[in-house]
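Colleague: got a predicted model here, sequence first, then my questions.
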Amino acid sequence: MKLGLQLGYWAAQPPANAQELVTEADRSGFDAVFSAESWGNDAFTPLAWWGSSTERIRLGTSVAQLSARTPTAAAMHALTLDHLSGGRAILGLGVSGPQVVEGWYGEPFEKPLARTREYVSIIRKVLAREAPVTNDGPHHPLPYSGPGALGLGKPLKPITHPLRADLPIWLGAEGPKNVALTAEIADGWLAIYYTPRLADMYNEWLDEGFARPGARRSREDFEIAATCQVVVTDDRAGEIARMKPITALYVGGMGAAEMNFHAQVYTRMGYGDVVTEIQRLFLSGRKEEAMSIVPDEMVTDTMIIGNGDEVRQQLKVWEDAGVTMLLVHARDVEQMRQLASVVNPA
C-alpha cells in the first residue's frame with residue numbers, strides 16, 4: 001500500500017507547516033503529495049514551491065478543477081511542473097460542482113462527462129505534440145470560431161516539448177458513469193469517500209470502463225488513490241467524534257440540497273435517511289445538530305481509526321478491495337512518521 005500526503009486546499013491562510021510536511025513525506029517513503037483548489041489558492045503553485053525541495057516524491061493535483069482553466073492551459077501547467085520536477089507530476093482533474101463552476105468560474109455545469117472526455121483528449125494531444133492541436137467538440141473548440149471570433153485562430157503545438165507524453169492523468173469521480181469514464185480514459189482514480197464495503201459495486205463501474213473499446217488502461221496498471229483519514233490512536237471513540245463535523249460539512253453543506261455529490265455517495269452507502277436529515281439541519285443553520293446525528297459508521301466506513309494492530313488489519317481490507325494508495329492528512333511530522341511506520345513497517 002502506497003501513501004500519498006493530501007495537503008488539500010487552503011483555508012484563510014496557507015498552512016504554516018506544509019513545507020515541513022512535504023519534506024518529511026519525501027524522506028519517509030510517501031509515494032506522492034497532492035494539492036487541491038476550491039475558490040482560493042490554485043493547485044499547481046504550492047506543488048512547484050514546496051516540491052522544489054524534494055527529490056523523489058511525486059507531485060499531484062487532487063484536484064485541479066476543469067472550469068478553472070482551459071485544457072491547453074492545464075496541459076501547460078502540467079508539462080511545466082513535470083519538467084521542473086524531473087518527471088514527477090500527476091495531473092489530477094475534477095469537474096467540481098455547479099455552485100463553484102457557475103458561481104465562481106461563470107461557466108455552465110451541464111454535460112460534465114462530455115466536458116471531461118473532451119478536456120482530457122485535448123491535454124493528451126498537447127502532451128503528445130504530434131501535430132497542431134485541434135478539437136471539433138462543442139465545449140472547447142480549437143481553433144475557436146464562435147461568436148466574437150476574428151477568424152484568425154491558428155492550430156498550434158506547444159513550444160516547449162513535454163517531458164513525458166504519457167504524463168499520468170487521474171480523475172476525481174464519485175458516480176457510476178464518471179467512474180466508468182475514468183477507467184476508460186484516465187490512468188488513475190482519485191476516490192473520495194471510498195468504502196471497501198462497496199468494492200464490488202466500484203469494481204463493476206470500473207470494469208465497464210476497462211471493457212470499452214480503446215480503453216487506456218487495464219486493472220493491472222491502473223491506480224486507485226482513495227482519500228482516507230488514517231489515525232493511529234487508543235482513543236478510537238474520541239477520534240470518531242472529532243471526525244463527525246467534517247462528515248457533516250461535506251454531506252450537508254458542500255453543494256446544494258438538490259445536487260450534492262458527496263451526499264449522493266453516502267446515500268449509495270445506505271445512509272439516505274440520515275443524509276437527508278443532516279442536509280436539512282445544516283442548510284437551515286443548525287450545524288451543531290447536524291454534526292450530532294452523524295452515526296459512527298458514517299465515519300468508520302471511509303476512514304481507518306484504531307490502534308496499530310487495528311489499523312494494519314484495516315489496511316489489508318482496503319488493499320484487498322483494490323486500493324493502491326491512501327491519500328492521508330497529517331497534522332505534523334510526528335504523525336507522518338507514525339503513519340509511515342504502521343503502513344510500511346521496515
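Modeller: Arrived safely, thanks for sending.

Colleague: same for the helix or strand containing residue 314, what does it pack against?
Modeller: Using DSSP states H and E, residue 314 maps to helix 308-320. In this structure, helix 308-320 makes packing contacts with strand 230-232, strand 304-306, helix 333-343, judged by 3 or more Cβ pairs under 8 Å, 6 or more residues apart in numbering; DSSP states H and E. No exception for glycine: its C-beta is placed from N, CA and C like everyone else's.

Colleague: what residues does stretch 110-130 touch?
Modeller: The contact list for stretch 110-130, computed with Cβ atoms under 8 Å, 6 or more residues apart in numbering, reads 66, 71-72, 74-76, 78-79, 91, 93, 95, 131, 133, 135, 137-140, 142, 157-158, 161-162, 164-167, 169, 171, 177-178, 181, 185-186.

Colleague: indicate each strand paired with whichever helix or strand comes after the helix holding residue 314 and its parallel or antiparallel sense.
Modeller: Counting by DSSP H and E, the next helix or strand C-terminal to helix 308-320 is strand 325-328. Strand 325-328 sits in its sheet next to strand 2-8 (parallel), strand 223-227 (parallel), going by DSSP bridges.

Colleague: to residue 339, which of these lies closest?
Modeller: strand 2-8 (6.6 Å; Cβ to Cβ).

Colleague: now do the closest one and helix 333-343, the angle between them.
Modeller: 150 degrees (axes from the mean of the first three to the mean of the last three Cα atoms, to 10 degrees).

Colleague: tell me the mean pLDDT over strand 2-8?
Modeller: The pLDDT scores in strand 2-8 average 96.

Colleague: tell me the SS of residue 170?
Modeller: Of the three states, residue 170 takes strand under DSSP: H, G, I helix; E, B strand; the rest coil.

Colleague: the closest residue to it other than its chain neighbours and residue 103, how far apart?
Modeller: Distance criterion Cβ to Cβ, 6 or more residues apart in numbering; nearest residue to residue 170, sequence neighbours excluded, is residue 188 at 3.7 Å. Look at residue 188 and residue 103: by Cβ to Cβ, to the nearest Å, they are 29 Å apart.

Colleague: again with residue 156
Modeller: From residue 156 across to residue 103, the span is 32 Å (Cβ to Cβ).

Colleague: so what touches the helix or strand bottoming out on mean pLDDT in the chain?
Modeller: Every helix and strand in the chain was compared by mean pLDDT, DSSP states H and E; the lowest is helix 261-266, with a mean of 86. The contact list for helix 261-266 (Cβ under 8 Å, 6+ apart) reads 97, 174-175, 192-193, 250-252, 254-255, 275, 278-279, 298.

Colleague: return the members of those residues classed as buried.
Modeller: Buried members of the contacts of helix 261-266, counted by 16 or more other Cβ atoms under 10 Å: 97, 174, 192-193, 250-252, 254-255, 275, 278-279, 298.

Colleague: and the residue most central in space within the chain, what does it touch?
Modeller: Residue closest to the average C-alpha location in the chain (Cα atoms, centre = their mean): residue 62, at 3.6 Å. When contacts are counted by Cβ under 8 Å, 6+ apart, residue 62 touches 4, 6, 34-36, 43, 92, 170, 172, 190, 225, 227, 327.

Colleague: 7 Å instead?
Modeller: Contacts for residue 62 (Cβ atoms under 7 Å, 6 or more residues apart in numbering) come out as 6, 34, 36, 92, 172, 190, 327.

Colleague: for the second one, give me phi and psi.
Modeller: For residue 34, the backbone dihedrals are phi -130, psi 140 (criterion: degrees, to the nearest 10).

Colleague: higher neighbour count, residue 188 and residue 103?
Modeller: Taking other Cβ atoms under 10 Å, residue 188 and residue 103 do not tie; residue 188 has more neighbours (22 against 11).

Colleague: for that one, give me phi and psi.
Modeller: Backbone torsions for residue 188, taken as degrees, to the nearest 10, come to phi -170, psi 160.
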